[in-house]
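*Asks:* Predicted model, plus sequence, below.
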Amino acid sequence: MLKPLTLLRHVHLFSPDDMGFCDMLLAGGQVAAIGPHLSPPPGDWPCEIIDVAARRVIPGLVDCHVHLCGGGGEAGAQTRVPAVRVTDLTLAGVTTAVGLLGTDGSTRTVAESLASARALHHAGLSAWCYTGSYQLPLVTLTGSVRGDLVHNDRLVAVGELAISDHRSSQPTFEEFVRIASDCHVCGMMTGKAGLLHLHLGDGPRGLDLVRRALLETELPARTFHPTHLNRNRRLWAEAKQLHRDRGLYGDITAFKPESDDELSAAEAISDWMDSGLDPARLTASSDGGGCIPVFDGEGVLQRMDVGKSMGLSDALVQLLAQGRLLEQVLPVFTRNPARLFRLRGKGELVVGADADLVVLDEAGRASEVMARGKWMVRRGVPLVRGMFEQ
């Protein structure tokens, strides 16, 4: 029998702020009430009452960099990564995803990314998309950035445009700021994110284009959202300095480092906090479904791994194991990306927000996951799978 109401008892709520112990009433896919000792609905109202037993309850994670229809392809069609599955997200505690294209904007399309987002929405999750890819001219749905962002509700930003990378289309400064301008103005017109999400490679130019744009144009810092900033320590130091000088927002990738020059997501988050930088201007994403390649000096692929949203969960567990307070680091995975991407009702557990939540086990991993008021995972076991996961 369908139970449209859920009453969670004895919750240790992180909204992501530490709100202490309370009860939560969920109704119609939203948070209806929060308070101590909430009265249950009338007896003839169908309501599931669950005693959380003082476990920590957090907002569902917001993964703002996921290759929903699969990434890769750098070494031929056989290296195209399969599409992301529902459980790839839910078992990691991710209830909201923003999908994008990467290197391959030829066999992968914005339409395919949108279809993948709609499939996740049908399963109960929330998903939006970027328009564009690594390349110029930008791959779009309508033929222009403005057309895509203004006329399609699920397209919220441009990304991931590649810079400082041998796979980039090597945009000129004029091309770069024209795209950024379109993003910013469309964000104003629509109330969407209006961001230019940037893939950063290992190239020595680093954030030069972003620095010039912040110095030479009137575009605000929030327009630019560079990712993979923890891929090497030189780029990380440059990003921190540009944040100090110009208020840069930054995104780190939750991957497993393969060398001492790379920073793990947990290490980067800790360093950002310890450096006294604005904690609200840092986000973390997984590169889920994307190829994580290693090239030689001639640009030939040597080996590849695949990004997973579980990397976000791993990073959170590592931070807690290091003694970091949950309320200190949790916004990086929840409130910060939701606010930057203007995803209303996401990233926080307050009255009126969407009922996207995760019940953590003692280590900080997702034990129960709810998305839009629907249980996706219970006791670590998926209740909802994609059509072809059965």
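*Replies:* Cool, got the structure.
*Asks:* can you map out the helices along the chain?
*Replies:* Residue ranges of the helices in the chain, as given by DSSP state H, are 86-90, 110-123, 145-151, 173-190, 208-216, 233-246, 265-274, 310-321, 326-329, 335-340.
*Asks:* could you redo the ones you listed as JSON lines and give each row distance to Arg167?
*Replies:* In short, each C-beta sits where N, CA and C put it, glycine included. What follows is these, written out as JSON lines (distance: least, C-beta to C-beta, whole Å):
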{"stretch": "helix 86-90", "distance to Arg167": "24"}
{"stretch": "helix 110-123", "distance to Arg167": "18"}
{"stretch": "helix 145-151", "distance to Arg167": "21"}
{"stretch": "helix 173-190", "distance to Arg167": "16"}
{"stretch": "helix 208-216", "distance to Arg167": "16"}
{"stretch": "helix 233-246", "distance to Arg167": "16"}
{"stretch": "helix 265-274", "distance to Arg167": "23"}
{"stretch": "helix 310-321", "distance to Arg167": "22"}
{"stretch": "helix 326-329", "distance to Arg167": "32"}
{"stretch": "helix 335-340", "distance to Arg167": "25"}
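*Asks:* Give me the below-cutoff pLDDT ranges for the stretch 251-390 of the chain.
*Replies:* Filtered on pLDDT under 70, the stretch 251-390 of the chain yields the residue ranges 293-295, 299, 301.
*Asks:* The same query, at a cut-off of 90, please.
*Replies:* Residues of the stretch 251-390 of the chain meeting the criterion pLDDT under 90: 256, 258, 290-307, 387-390.
*Asks:* so Ser133 touches Thr107, yeah?
*Replies:* No: counting by C-beta atoms under 8 Å, Ser133 stays clear of Thr107, with 10.9 Å between them.
*Asks:* Show me which of these two is the more surrounded one.
*Replies:* Applying other C-beta atoms under 10 Å to Ser133 and Thr107 shows that Ser133 carries more neighbours, namely 28 against 9.
*Asks:* Just want the phi and psi numbers for the more buried one.
*Replies:* Comment: the main-chain dihedrals of Ser133 come out as phi -160, psi -160, following degrees, to the nearest 10.
*Asks:* and it, how far is that from Leu91?
*Replies:* Ser133 sits 28 Å away from Leu91, taking C-beta to C-beta, to the nearest Å as the criterion.
*Asks:* Could you give the number of residues near the closest residue to His12 other than its chain neighbours?
*Replies:* Setting aside the residues directly before and after it, His12 is nearest to Arg56 in space (C-beta to C-beta, 6 or more residues apart in numbering), at 4.8 Å. Using other C-beta under 10 Å as the criterion, Arg56 is surrounded by 20 other residues.
*Asks:* ditto for Asp51
*Replies:* Neighbour count for Asp51, taken as other C-beta under 10 Å: 12.
*Asks:* how does the chain divide up, domain by domain?
*Replies:* Per automatic domain parsing, the domain ranges recorded for the chain read 5-58+345-382, 60-340.
*Asks:* chain center to the last one: distance?
*Replies:* If you compare the mean C-alpha spot of domain 60-340 with that of the full chain, they lie 8 Å apart, counting by C-alpha atoms, centre = their mean, to the nearest Å.
*Asks:* mind starting the numbering at 51 from now?
*Replies:* In the new numbering, first residue 51, that becomes domain 110-390.
*Asks:* end to end, how far does it reach?
*Replies:* Its first and final residues considered, domain 110-390 spans 16 Å by C-alpha to C-alpha, to the nearest Å.
*Asks:* so Leu191 sits right up against Glu162, yeah?
*Replies:* No: the criterion here is C-beta under 8 Å, and Leu191 misses it with Glu162 at 10.6 Å.
*Asks:* okay, the helices of the chain in a markdown table with distance to Met354 and mean neighbour count next?
*Replies:* Listed next are these as a markdown table, based on distance: least, C-beta to C-beta, whole Å; neighbours: other C-beta atoms under 10 Å:
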| stretch | distance to Met354 | mean neighbour count |
| --- | --- | --- |
| helix 136-140 | 17 | 24 |
| helix 160-173 | 20 | 19 |
| helix 195-201 | 29 | 20 |
| helix 223-240 | 28 | 18 |
| helix 258-266 | 27 | 17 |
| helix 283-296 | 21 | 17 |
| helix 315-324 | 19 | 20 |
| helix 360-371 | 16 | 22 |
| helix 376-379 | 29 | 18 |
| helix 385-390 | 26 | 23 |
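*Asks:* and of those helices, who's closest to Leu63?
*Replies:* Ranking the helices of the chain by distance to Leu63, with C-beta to C-beta as the measure, places helix 376-379 first at 10.4 Å.
*Asks:* what helices or strands is that closest one leaning on?
*Replies:* Contacting helix 376-379 under the criterion 3 or more C-beta pairs under 8 Å, 6 or more residues apart in numbering; DSSP states H and E are the following elements: helix 315-324, helix 360-371.
*Asks:* got those as JSON lines, with distance to Thr303 columns?
*Replies:* Below are those laid out as JSON lines (distance: least, C-beta to C-beta, whole Å):
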{"stretch": "helix 315-324", "distance to Thr303": "7"}
{"stretch": "helix 360-371", "distance to Thr303": "8"}
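*Asks:* Out of those, the one nearest Ala271 is which?
*Replies:* When the helices and strands packed on helix 376-379 are ranked by distance to Ala271, counting by C-beta to C-beta, first place goes to helix 315-324 at 15.7 Å.
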